[in-house]
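1. With the sequence up front, the predicted model follows.
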Amino acid sequence: MLVIMYSIKLVLKFLVLPLILVGAMGSCDEPEAEKYNFEDWQKITVTASAYNSLKQQGEGNPFITAWGDSLRPEVQSIAVSRDLIRKGLKHNTPVKIEGFEGVFFVNDKMHPRWRNKIDIYMGLDKEKALKWGRRKVEIAFPAKDEPGG
C-alpha cells in the first residue's frame, strides 16, 4: 500500500504537476479578435510556410519555442524571421494573416538565415502543413508605437 501511495505521489509530482504548470503559464493570453482595429495596422507581404511539433522539424523539445513558450493547439502561433522582429513583430505581437480567421501571436523565432518569412504553427497535423506548403501572404500587425506592437 505504501509503495502504491509513493508511486501516485511521484506521478503527480513529475508528470501531472508540470503539465498543470505549463498549461497555467501558457505562452500568452489570447485576446479576442474584436479588440483589435486591423485597419490601422501596418501591412507587409511575407513568405509563409507551416511547421509542426514534430521531433524532425527542430531541435530539443518540439513543443517549446525559441522564446521558451509552450506551443498549444488552441493558441494560434507563428514563428518569425529575425529581420521581422526588428520591424516590430516581437514576442507576443498579435498578427492577422491573409486567408486565416482570428489572430495569431508571435511565439517563436526562426534561424537567422531566413528573411521576410513566417512559419505558421499547425500542431501535429503534418498533412495540413504540407498542404499549406509555402506561399506569399499579406500580414497585418500593430505599428511599433501601438500597444502590442
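-> Yep, it's here.
2. What ranges does this protein have for its strands?
-> If you assign secondary structure with DSSP state E, the strands in the chain sit at 42-51, 77-80, 94-97, 104-109, 117-121, 135-141.
3. export those to a markdown table and tack on distance to residue 64 and mean pLDDT?
-> For every residue, glycine as well, the C-beta is placed using N, CA and C. Shown next, in a markdown table, are the strands of the chain (distance: least, C-beta to C-beta, whole Å; pLDDT from 0 to 100):
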| stretch | distance to residue 64 | mean pLDDT |
| --- | --- | --- |
| strand 42-51 | 13 | 96 |
| strand 77-80 | 12 | 96 |
| strand 94-97 | 20 | 97 |
| strand 104-109 | 9 | 95 |
| strand 117-121 | 12 | 96 |
| strand 135-141 | 24 | 97 |
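4. Which one, of those, ends up nearest to residue 127?
-> Evaluated with C-beta to C-beta, the strands of the chain place strand 42-51 nearest to residue 127, the distance being 10.5 Å.
5. In the sheet, which strands lie alongside the closest one, parallel or antiparallel?
-> Using DSSP bridges, the strands paired with strand 42-51 are strand 117-121 (parallel), strand 135-141 (antiparallel).
6. Buried residues, it. List them.
-> Neighbour-count burial for strand 42-51 flags 46, 48-51 (criterion: 16 or more other C-beta atoms under 10 Å).
7. Can you lay out the strands paired with strand 42-51 as JSON lines showing distance to residue 40 and mean neighbour count?
-> Shown next, in JSON lines, are the strands paired with strand 42-51 (distance: least, C-beta to C-beta, whole Å; neighbours: other C-beta atoms under 10 Å):
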{"stretch": "strand 117-121", "distance to residue 40": "21", "mean neighbour count": "22"}
{"stretch": "strand 135-141", "distance to residue 40": "9", "mean neighbour count": "17"}
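8. hey, where'd the helices end up in the chain?
-> 2-11, 17-25, 82-86, 126-132 (DSSP state H).
9. contacts for the shortest one?
-> Helix 82-86 is contacted from outside by 46, 106, 109-110, 112, 114-118, using C-beta atoms under 8 Å, 6 or more residues apart in numbering.
10. pLDDT weak spots in the protein?
-> Per-residue confidence for the chain (pLDDT under 70) gives these ranges: 1-35, 55-59, 145-149.
11. separation between residue 93 and residue 116?
-> For residue 93, the distance to residue 116 under the criterion C-beta to C-beta, to the nearest Å works out to 16 Å.
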